[in-house]
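>>> Sequence and predicted structure are below.
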Amino acid sequence: MSHTVKITDVLSLTHDVKRLRTEKPQGYRFEPGQATEVAINEEKWKDEKRPFTFTNLPEDDHLEFVIKSYRDHDGVTKRIEDLVEGDELIIEEAWGAISYKGKGVFIAGGAGVTPFISILKMLKSKDDLLGNKLIFANKTGKDVMLESYFHEILGEDFISVLDKEKLDDHEYGRVNMEFLKQYLSDFSQQFYVCGPEPMVESVSEALKQLGADPNGITFEE
């Protein structure tokens, strides 16, 4: 079942990431970590559906998406970047394989952090963040969305990693086996991995080799 929702608020988070808030259909439900198919309610775009994750809490009276624009190809996210209050989106029902299964380490690459935003907000609302860690990989400092928010809620348990720029308060390099060995000591906990497919595969493989339970690694199939 699809729903047409009006955009109520647009906020730039980085040079290529925007937060869109929309109306919430009566009775609409989702779990933190889930996504939906989204299309722009315009003749040219209404059949061009793309998956985006909810970044608000299920009990909020609005829906929220954090969307990275890829300007190098003339697609949906480039058009979304130009949307304003009053424009409309078409959304489907919620789906997704990423859900919170217990304390652990969230490992994200770029826009792959979006499923974790709602989960971390939920844990914060329950005062249950302690014992969870976020490792967030990006190219450069200007690519790190919600950096101050993650610092605020997670403190030392937020690690920002850059692989194209060396900056204070950020680690440098890639999230590989050496990195995981350096920053983590307990591989028996839950792991949540989301990002570009090659990263998800390599990180998941490294975690298994370091002793993580394959059933304890959650990622979007």
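Sure, I can see it. Everything numeric here is computed off the predicted structure, so don't read it as measured data.
>>> can you list the domain ranges for this protein.
For the chain, automatic domain parsing gives the domain ranges 3-91, 104-218.
>>> Pipe these into a markdown table and attach mean neighbour count and mean pLDDT per row.
Yep, even glycine has a C-beta here, placed from its N, CA and C like the rest. A markdown table is the format used below for the domains of the chain (neighbours: other CB atoms under 10 Å; pLDDT from 0 to 100):
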| stretch | mean neighbour count | mean pLDDT |
| --- | --- | --- |
| domain 3-91 | 16 | 94 |
| domain 104-218 | 17 | 96 |
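>>> Which among those domains is found nearest to A97?
Of all these, it is domain 104-218 that lies closest to A97, at 7.1 Å by CB to CB.
>>> roughly how far out does that closest one sit from the chain middle?
11 Å (CA atoms, centre = their mean, to the nearest Å).
>>> Point me to the residue sitting closest to the centre of the chain.
Note on the chain: the residue nearest the mean C-alpha position is T114, at 1.2 Å, using CA atoms, centre = their mean.
>>> which residue sits closest to that residue, ignoring its sequence neighbours?
Spatial nearest neighbour of T114, chain neighbours left out: T53 (4.1 Å); criterion: CB to CB, 6 or more residues apart in numbering.
>>> Tell me the strands beside the helix or strand hosting that neighbour, with direction?
Per DSSP states H and E, T53 falls inside strand 50-53. As defined by DSSP bridges, the strand partners of strand 50-53 come to strand 35-40 (antiparallel).
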